[in-house]
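Visitor: quick one: sequence and predicted model below, then my questions.
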Amino acid sequence: MNQNIVDYYQTVRQDKALQAAYAGCENFDQIIEKAVDEGRKLGFSFTKEEALAAGMNFKALCSQAANDDELTEFELEMISAGSISPGKPIKPEF
């Protein structure tokens with residue numbers, strides 16, 4: 001997994017304002033677009049395809065970014081809303 005995505009996600013986990021930027025996302029494709037755009041603004045370089053691959057394996061992304069921390073409130077909300085399922089791949093809407 002691209003280390004820039006892991007580093008960006010570590011930033012998202014701790015930044016409430018950045019988490020709020022995802023509030024308007026209605027589907028997985030919008031989450032991916034937002035991640036690439038917001039990541040680029042903060043100096044993280046990764047492609048839409050790399051973000052999609054990381055999102056498809058959200059459990060691994062959380063594991064790498066969390067360093068054995070518990071899921072954040074943001075992650076729990078994403079999972080409970082059905083946007084992300086940590087143990088199951090996501091089928092993007094094309």
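Guide: Sure, I can see it. Residues are numbered from 1 along each chain as shown.

Visitor: where in this protein is pLDDT low?
Guide: Residues of the chain meeting the criterion pLDDT under 70: 67-72, 74-94.

Visitor: buried residues in the lengthiest helix in it?
Guide: Longest helix of the chain, by residue count under DSSP state H: helix 28-41. Judged by neighbour count using 16 or more other Cβ atoms under 10 Å, the buried positions of helix 28-41 are 28, 31-32, 34-36, 38-39. Placement of C-beta: from N, CA and C, glycine included.

Visitor: show me what secondary structure element comes after that helix.
Guide: Next helix or strand after helix 28-41 toward the C-terminus (DSSP states H and E): helix 48-56.

Visitor: so which elements touch that next one?
Guide: helix 3-14, helix 28-41, helix 58-66 (3 or more Cβ pairs under 8 Å, 6 or more residues apart in numbering; DSSP states H and E).

Visitor: kindly present these as CSV, with separate columns for distance to Glu73.
Guide: Below are the helices and strands packed on helix 48-56 laid out as CSV (distance: least, Cβ to Cβ, whole Å):
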stretch, distance to Glu73
helix 3-14, 10
helix 28-41, 17
helix 58-66, 13
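
Visitor: okay, the buried residues of helix 28-41 in JSON lines with distance to Glu49 next?
Guide: Formatted as JSON lines, those follow (distance: Cβ to Cβ, whole Å):
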{"residue": "Phe28", "distance to Glu49": "14"}
{"residue": "Ile31", "distance to Glu49": "14"}
{"residue": "Ile32", "distance to Glu49": "9"}
{"residue": "Lys34", "distance to Glu49": "15"}
{"residue": "Ala35", "distance to Glu49": "12"}
{"residue": "Val36", "distance to Glu49": "10"}
{"residue": "Glu38", "distance to Glu49": "17"}
{"residue": "Gly39", "distance to Glu49": "13"}
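
Visitor: contact partners of stretch 33-45?
Guide: For stretch 33-45, contacts defined as Cβ atoms under 8 Å, 6 or more residues apart in numbering pick out 4-5, 7-8, 11-12, 18, 21-22, 25, 46-48, 51, 55.
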